[in-house]
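1. here is a sequence together with a model predicted from it:
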Amino acid sequence: MSEALDKLEQDNLARKNAKEVENQSVKETNQVKRNLKRKKWVDWKAQDAEEAANGTKRAPFDPADRIKRKKSAILLSYCGAKYFGMQRNPGMQTIEEELFKAMLKHKWITEDSFEQVQIACFQRAARTDKGVSAARQVCSVKLPEELDLQAFNQDLPQEIRLFGVERVTKGFNAKDQCNARTYTYTLPTVAFAAFDEQHEQDTYRIPAQILERVSDTLKLYEGTKNFHNFTSKKNFLDPSAKRFIMSFTCSEPFQSPQGIEFVTLKVKGQSFMLHQIRKMVGLAIAIVRGNTTTTSLERALTEERLDLPMAPGLGLVLDTVHYERYNDRYGKDGIHAPLTWEAQEQQVQEFIEKHIYSNIYKTEAKERNLLDWLSTLHFHSYDTRRDEASTEGGGNQKKQNDDDDGEE
């Protein structure tokens, strides 16, 4: 009896220590953001002065250079491993900052638009967060009619590429007109091995019955459900906590160049919340491994507030944004092309394999992020979070971005 109590006390202490480390990490991140909050974007005046000292100077604005710009949709691919997300953030290295700098250099946007992108009607379809990549991100922005994509891409980092531009209707908005989003999560199959068994990541091969169980577990998420447990600071009664998952599937296993067996999970939904996909994947892994049962998933979709694990961000990729309704209405009007990007697909696929999936395979083989995370699953109770039940059910909450683009 005393041994059982000692073990329980040790587990509680380990759980408490893990929680303190997590809280400290969040505090440090928030402190960095506060310190950078008042920083400006790129200081072009200082940069011009520096270039002038080196004998180069930007030509003064000539009214004759005024360019007529029209609403366009752009197809963007990027590996987000070394970036602090898609969305522009003062003092941070982000995808949009690199994009806007190149656009300004090539006079796709004006200096005023660079300082305030709303002037150019810029809007992203999904706001991917730190470390998350995108295979087919779409943004809307006013651009000139004559564009040199090859020259433009030469001024982007090699892990960011703009593959296509299509003219769209005047009222088009990349986020509002998007009627669905598809994300993928690529991970080693050893993640689904039983928690009480020892396996090597390099040699493990997933049995057919476990693969079937993975598919069955993912299917439980499909439909319109309340996902308040799969994000942060969302009340069960908040209408925005309800999301429609159209499909959630698992690919056949395949081997990476390093010889590790992987699978790719693919989820399609109307929209996602911050951390939603990573928590859905995290709980599915815990269920298949035997750390908990499907009862936890059923309870997580009710008003209870549960303690659920969140999978690492490395394997998450924004795969596709869908515009079926827009394509049906305007794609065949003879003026606008459908936003299917079929002509660019081969280039996109080559980029994905070279810069996105290769990074996932190499990082997982070298750093074993997922294996480290698997060792923390037993710290979660998969039960009511009594420490936060009273604080997260309050009425006054800071509004969150609706898209899990914010992952992760």
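-> Received, thanks. Numbering: from 1, shown residues only.

2. contacting residues for the residue nearest to residue 332 when sequence neighbours are not counted?
-> Nearest non-adjacent residue to residue 332, counting by Cβ to Cβ, 6 or more residues apart in numbering: residue 338, 7.4 Å away. Bear in mind the C-beta positions are built from the backbone N, C-alpha and C, glycine included. For residue 338, the contacting residues are 323, 327, 331-332, by Cβ atoms under 8 Å, 6 or more residues apart in numbering.

3. can you rerun that using 10 Å?
-> Contact partners of residue 338, counting by Cβ atoms under 10 Å, 6 or more residues apart in numbering, are 166, 323-324, 326-328, 330-332.

4. quick one: the strands in this structure?
-> Ranges of strands within the chain are 69-78, 123-124, 133-144, 160-167, 180-188, 223-226, 242-250, 254-255, 261-269, 316-322, based on DSSP state E.

5. quick one: closest of those to residue 24.
-> Between residue 24 and these, the tightest spacing by Cβ to Cβ is seen for strand 316-322, at 23.9 Å.

6. tell me the mean pLDDT for the closest one?
-> Across strand 316-322, pLDDT averages out at 96.

7. partner strands of it and their direction?
-> Its sheet considered, strand 316-322 pairs with strand 133-144 (parallel), strand 180-188 (antiparallel) by DSSP bridges.

8. let's have those in TSV, adding distance to residue 24, mean pLDDT and mean neighbour count.
-> Compiled in TSV, the strands paired with strand 316-322 are given as follows (distance: least, Cβ to Cβ, whole Å; pLDDT from 0 to 100; neighbours: other Cβ atoms under 10 Å):
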stretch	distance to residue 24	mean pLDDT	mean neighbour count
strand 133-144	27	95	23
strand 180-188	27	96	23
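
9. so where's this protein uncertain?
-> 1, 4-5, 31-45, 57-65, 386-408 (pLDDT under 70).

10. can you pull out the helices in it?
-> 2-36, 44-53, 95-105, 111-115, 149-154, 208-219, 276-289, 294-300, 324-330, 345-351, 358-367, 369-374, 386-389 (DSSP state H).

11. a markdown table for those, including distance to residue 234 and mean neighbour count?
-> A markdown table is the format used below for the helices of the chain (distance: least, Cβ to Cβ, whole Å; neighbours: other Cβ atoms under 10 Å):
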| stretch | distance to residue 234 | mean neighbour count |
| --- | --- | --- |
| helix 2-36 | 17 | 11 |
| helix 44-53 | 40 | 11 |
| helix 95-105 | 26 | 21 |
| helix 111-115 | 34 | 15 |
| helix 149-154 | 39 | 12 |
| helix 208-219 | 22 | 15 |
| helix 276-289 | 10 | 25 |
| helix 294-300 | 12 | 17 |
| helix 324-330 | 27 | 15 |
| helix 345-351 | 33 | 14 |
| helix 358-367 | 29 | 16 |
| helix 369-374 | 23 | 17 |
| helix 386-389 | 12 | 12 |
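
12. alright, I will stop here.
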